[in-house]
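# Structure, please.
(4 chains)
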Amino acid sequence: MENLEQFRAETREWLEASCPEDMRQPMRSDEDQCWGGRNWVFTSEGQKLWLERMAAKGWTAPRWPTEYGGGGLSGSEAKILGEEMARIGARRPLSSFGLDMLGPALLLYATEEQKQQYIPDIINGKIRWCQGYSEPNAGSDLASLRTKAEDMGDHYLINGSKVWTSYADKADWIFCLVRTDFDCPKHEGISFLLFDMTSEGVSTKPIKLISGTSPFCETFFDNVQVPKAQLVGTLNKGWEIAKYLLTHERAMIGGFGLAGGGMKGMGQMAAAKRGTKDGRLRDASLRSEASSFEIDEMAFGLTIERITDETKAGQGTGASSSILKMYGTELNKLRQELFMAIGATDALNFDTDSKGALVRSWLRSKANSIEGGTTEVQLNIIAKRILGLPA
Amino acid sequence: MENLEQFRAETREWLEASCPEDMRQPMRSDEDQCWGGRNWVFTSEGQKLWLERMAAKGWTAPRWPTEYGGGGLSGSEAKILGEEMARIGARRPLSSFGLDMLGPALLLYATEEQKQQYIPDIINGKIRWCQGYSEPNAGSDLASLRTKAEDMGDHYLINGSKVWTSYADKADWIFCLVRTDFDCPKHEGISFLLFDMTSEGVSTKPIKLISGTSPFCETFFDNVQVPKAQLVGTLNKGWEIAKYLLTHERAMIGGFGLAGGGMKGMGQMAAAKRGTKDGRLRDASLRSEASSFEIDEMAFGLTIERITDETKAGQGTGASSSILKMYGTELNKLRQELFMAIGATDALNFDTDSKGALVRSWLRSKANSIEGGTTEVQLNIIAKRILGLPA
Amino acid sequence: MVMILSEEQQLLKDSAKAFLSESAPISALRAMRDAGEDHMPELWTKMSEMGWPGIVIPDAYSGLEFGYVGAGVVLEEMGRTLALSPFLSSAVVAASLINQLGSEQQKERYLPGIASGELTAVLAADETGYFDLSSIETTASASGDGYVLSGNKRGVIDGHNADLLLVVTGGNDGMSVFAVERGAAGVSCETRLIVDSQCAADITLDNVMVSGDALLGSLGGASEAMEFTIDVAAACSAAEMLGISIETFERTVGYLKEREQFGSKIGTFQGLQHRAAQLFAEIEVSKSAVLAALQALDANSGKRSVLASMAKAKCSKVVRNATEEGVQMHGGIGMTDEFDIGFFMKRAAVCRQAYGDYHFHADRFATLRGY
Amino acid sequence: MVMILSEEQQLLKDSAKAFLSESAPISALRAMRDAGEDHMPELWTKMSEMGWPGIVIPDAYSGLEFGYVGAGVVLEEMGRTLALSPFLSSAVVAASLINQLGSEQQKERYLPGIASGELTAVLAADETGYFDLSSIETTASASGDGYVLSGNKRGVIDGHNADLLLVVTGGNDGMSVFAVERGAAGVSCETRLIVDSQCAADITLDNVMVSGDALLGSLGGASEAMEFTIDVAAACSAAEMLGISIETFERTVGYLKEREQFGSKIGTFQGLQHRAAQLFAEIEVSKSAVLAALQALDANSGKRSVLASMAKAKCSKVVRNATEEGVQMHGGIGMTDEFDIGFFMKRAAVCRQAYGDYHFHADRFATLRGY
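Sure, this is the predicted structure:
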């Protein structure tokens, strides 16, 4: 306990000294995130310094082993780091699919050489990764993928296409599910490959969403050569890694259900905008809806904490990522609906500047219950895997 | 139009003269209904007179043909009669499964002799009917019934049992689905029989519900002899009559979704009990819920009107009874929840006198979405028959 | 009142459907947007040739005097194809207000122009974004034979394209309405693109001088006519949302019948079947709500306001449900701009807010019902 | 705070589960009801032997000092078997109020008796039926060294069986609490059967004379302690509702796996699967709400009241959903008295109302959150 208090004090001091002032301001929009990578243009000197300083301590990945550049913190220490960052409103230094998704899978499934090669550049933000999972027409039936990797002796030859690849047009490397055996049930015969997006034969085409933004791409592979050393795990057993990653992704997307750090509560926001009467939000119907939402939001936030604590204590319930994904994304859709109601006619603005952010974010949220496994898929998983209901 | 105005004036005059004072009071509970039948004990002279007077004009069944004792009114006239009865708060003179269910089926499927024999006693309330449909373990799968009717030459021999028979212990006769052929798909081989509940071999056992009341029975048939003349429609084609009747039943149960005549609105009731502040219901959260409910209730009431009008105009949409049944019963469950919230701790009373009426009615309402075809069955019907979704 | 359309109303609906699917399909809206435009003047010309702008306007002022049920069935069809026009704002809402409040001279001056489609007018009432008419701060001061108007109006859809603004003023004397030419000195518009590809205008009135005959009705005497106008706007906007719900639902059910996943049509999954069936029932219920509200306007019945707020509140909820399910059941493709379903969600967002949102009308409903 | 049970808390939960399923299964409640009884004195004796009534009472007053998380896990298990006892009303709620407000002498006088189970006390606060403590009209007038109390208390569950009433008085001076023996002259009870087979008492205090040391704390000084007590009551009653939800849900899922209709197990129908999965998620979420509220009580944290009202509001909704789905998915048999599922719905109705219903706590939550 004393050590933890000491850790807290030192961390606080270091953060006070190291976190640039502009990295303590709330993010105004997604544009304020730092994604890193070969072609990243820092939006400010502060953003650059903040990433460098945090990466140097391994604190972009606080719990990963120090041998690959991670922070090597215990769970309790990492929690303290999070609390202390929240205390001063410090932004996350690096947003990254490498940190949130690929890294944990590499730590579990990759060879020592692969870990040495890929993990440090995830931690210091040198390489930006994207995820090649979904394919056209596959939809929720992810395992029906048809992108082909042929064994050409020293390399695989990749042909096919992916869809819903987040930021493929901005990423340096891709982690990708490919079919290496067509003569077996669909969940077998899938392998997990890593390759450079500048490889010859890779091309991307952004998909314009109803929100007007294009965070996703279609990605095409035309005779792309991938060295065999870039296969992770066992040939034809990639579905196991895929499932592990999907679980991670769900938990991450489920985090959408949480209110942003330091944000005002929904009800307070409504009261500030709509006005009060006798100390109560003027619109009684909106007040009821806001309180119902905040009750769920708070209970959901506590559920993430509880499940995290239970998992640490080895008491995890299995498909909890499906619960969090399903609940968190539905909650976020409701949150965005309430933002729209509070914003009233102003919220309808669709200008490309920050005035249109509200409605774009509202439209974007409708994908939450589709991406990373639809709400329906999560409900099926809960019904079958947790509740054991018959097929 | 002139004729209708004249009809309205005459009807108003007749009702004013003929409806006893105590039959113009709102019903306090189900106990105030008049069900008629051989063993009926009128609760007042007014109840007796009211039934006799209305039956004499055929106005217990206003639209049925005069040749069987019905009122012979047109749709517009019947509507006016209803409006004029509502105007003075006149109670329904006779509650009856004969009127609501069997009668319409007889008019459609029975022989002339059968109509002459059974319909007049339905109209004048001399015979009280019950309905023998559900069987133990059949549940929603009604057509899987196993009660057997063997052809014994001049009569059928009935063996088996029914469940959820409403008021079987108080009824004089039963209309009953029986299996007359076991060697065919389940929807075929079903026949529709009428017989006297005092027949040898018929016995009933009331089922106590969670509300503490016993409106339903188990009904047992042990070698009951039924004359062949009491078969309605074609042998083995009883399922057609059953479907027709289920549709009627659904529409009737869907009527639960309507507020009782002359009742105060939910919100007004809440305001009267909970109190107001600045002219608004004091509890803002309850107020929101009440207005949301009343909006649905009003829109639903209008939907019954619209569907009725469309049906009259030959524009009916098919499975509308499923929509009304599903929506109306869910609405009634919500209504009862709101009554409980408004009644607060007083509403928890479970005394057998009128103090316990609220909570019993709340408990009773939970069966609305089960009886007469569950909500799930209605949704299946809508999905498949109206929307044409694939099986 | 019998809750079915008369033969004339049904004919109008059928012809509106035929015309709109031909002349204003979704692809027309997409083309307009992609061209950077915010309205469809040619479509309005065609609608005007058919006399639609005169549907609710009395015969005496060159209207068709076809009533609100007529306007509603046209709006329902407009909701199905998302046709953009000043039909609701000018020909229905503004025309109704002028007809309620104006003198004989004023009606003669404005209504025939609106009925022909040559003049478009728009209500400039709200200043809060919440359609909170109790908070109007725009003032009218007497000045000579006329008035000077000052204030700010917010989020007036298509306001910058209208010829005439019906400016509502407030203050201690009560609400008044002035007919102000958009081009009048002191009137300025700041327009902004909104989500359904239209523009909304924030309008500033800076000491705008108007003559005495710009005042519709008496000074401070507009409350009753404004209540009527709110009812018109609510019921007719509900009709448009009904059309959006129906069209979105039909497209979604169509998709359920054709899309395959896990080796089956997704329409075979009971989870989706039940949600579709529930939504169908909700749409059936909102149909009745809309028709009753429109009929009550035509009859000017005592239940007019209750029914109008009921219809707006109900349809706001149902159209939200219908468009959300529409996107969800289409899955990823439903989120792409290339696919049409998102257009319905966007227009629905605008309709839900216009003339008072769910909370506004649920509150008004409760107040009208006495609690 | 780490959101898992400590080893001791888990042991207590396990032993409560074992004891209650053995000594107080649903069949015991049914037998009690059918015998025309309204409480279970023998069960209380056994619970007392195990020390349960002392769970939240400090060691100094012969309690176990096990805290609110401890009380909560026991209540959750009580919810699973619907065990009837004065545990919540006396040993948790009343004991907490005395412990908060009483002087050293008063605590020594009452708490050991409550901890041993020999003395039962009950809060007599509400007069409206809505737990509206701002409307308390019961008065306390000074009289000699003591006070005279007059007023009416409504719906005090098990009030006629308690030894001691904690009577809350109101008025301009603020709230005060008096410990009044139920047998005191001027106290009368009218009892009525309520839906879960207990009785509630409407209590009349007609010029009840009490000595000065019946006043807990200072005159008019009970507000803060009452807020704490509301938090205790809300969080612990939420724990009981959680137990009801879990048990009802498990029985329902069990039924889905065994019941056949249309030739299949009904658990294969995706419509039911999705609803069951959603309900499961809601129950998981309410588990966290309850644990956090209980932990905040033990820590007396600043978020205590917000969390308590959150937990009560959330669990009220979830237990309604769980019991409704329980009956619906069981179908006709779920409606029969012979089957146990209805007992859960009935107790849930009482828990949902007790110590403030959903609307009360949603409102309190919003107020505490500053809007």
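# Leaving out sequence neighbours, find the closest residue to the residue in the stretch 51-200 of chain C that chain B sits nearest to.
Here the stretch 51-200 of chain C gets closest to chain B at one residue, residue C:69, 12.9 Å apart by CB to the nearest CB. For glycine as for every other residue, the C-beta is placed from the backbone atoms N, C-alpha and C. Of all residues not flanking residue C:69 in the chain, residue C:294 sits nearest, at 4.5 Å (CB to CB, 6 or more residues apart in numbering or on different chains).
# swap in residue C:181?
Among residues not flanking residue C:181 along the chain, residue C:164 sits closest, at 6.1 Å (CB to CB, 6+ apart).
# Specify the local secondary structure of the residue nearest to residue C:69.
Judged by DSSP: H, G, I helix; E, B strand; the rest coil, the three-state class of residue C:294 is helix.
# how close does the nearest residue to residue A:49 once chain neighbours are set aside sit to chain D?
Once flanking residues are discounted, residue A:49 sits nearest to residue A:20: 5.5 Å by CB to CB, 6+ apart. Note on residue A:20: its distance to chain D, by CB to the nearest CB, to the nearest Å, is 31 Å.
# what do you get for residue A:5?
Where chain D is concerned, residue A:5 sits at a distance of 16 Å (CB to the nearest CB).
# Thought residue B:284 was touching residue A:287, still the case?
Yes: assessed by CB atoms under 8 Å, residue A:287 is found in contact with residue B:284 at 6.0 Å.
# Tell me the residues that contact both of the two, please.
Jointly contacting residue A:287 and residue B:284 under the rule CB atoms under 8 Å, 6 or more residues apart in numbering or on different chains are residue A:280.
# Compare these two and say which is more crowded by neighbours.
For residue A:287 versus residue B:284, neighbours defined as other CB atoms under 10 Å in any protein chain shown are more numerous around residue A:287 (26 against 22).
# Residue ranges of each domain in chain A, please.
Chain A breaks down into these domains under automatic domain parsing: A:2-95, A:129-237, A:258-386.
# Output the ones you listed as a markdown table; include the columns mean pLDDT.
Shown next, in a markdown table, are the domains of chain A (pLDDT from 0 to 100):
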| stretch | mean pLDDT |
| --- | --- |
| domain A:2-95 | 93 |
| domain A:129-237 | 94 |
| domain A:258-386 | 90 |
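# Helices of chain A, residue ranges please.
In chain A, the helices defined using DSSP state H lie at A:2-18, A:45-56, A:75-87, A:97, A:103-109, A:112-123, A:238-254, A:266-274, A:284-312, A:320-343, A:357-365, A:375-381.
# I meant the stretch 201-350 of chain C, not that one.
All helices of the stretch 201-350 of chain C, identified by DSSP state H, counting those that start in this stretch, fall at C:223-258, C:270-299, C:304-330, C:341-353.
# for the helix or strand of chain C with the lowest mean pLDDT, packing partners?
Within chain C, no helix or strand scores below strand C:260-261, which has a mean of 90 by mean pLDDT, DSSP states H and E. Packed against strand C:260-261 by the contact rule (3 or more CB pairs under 8 Å, 6 or more residues apart in numbering or on different chains; DSSP states H and E) you find no helix or strand.
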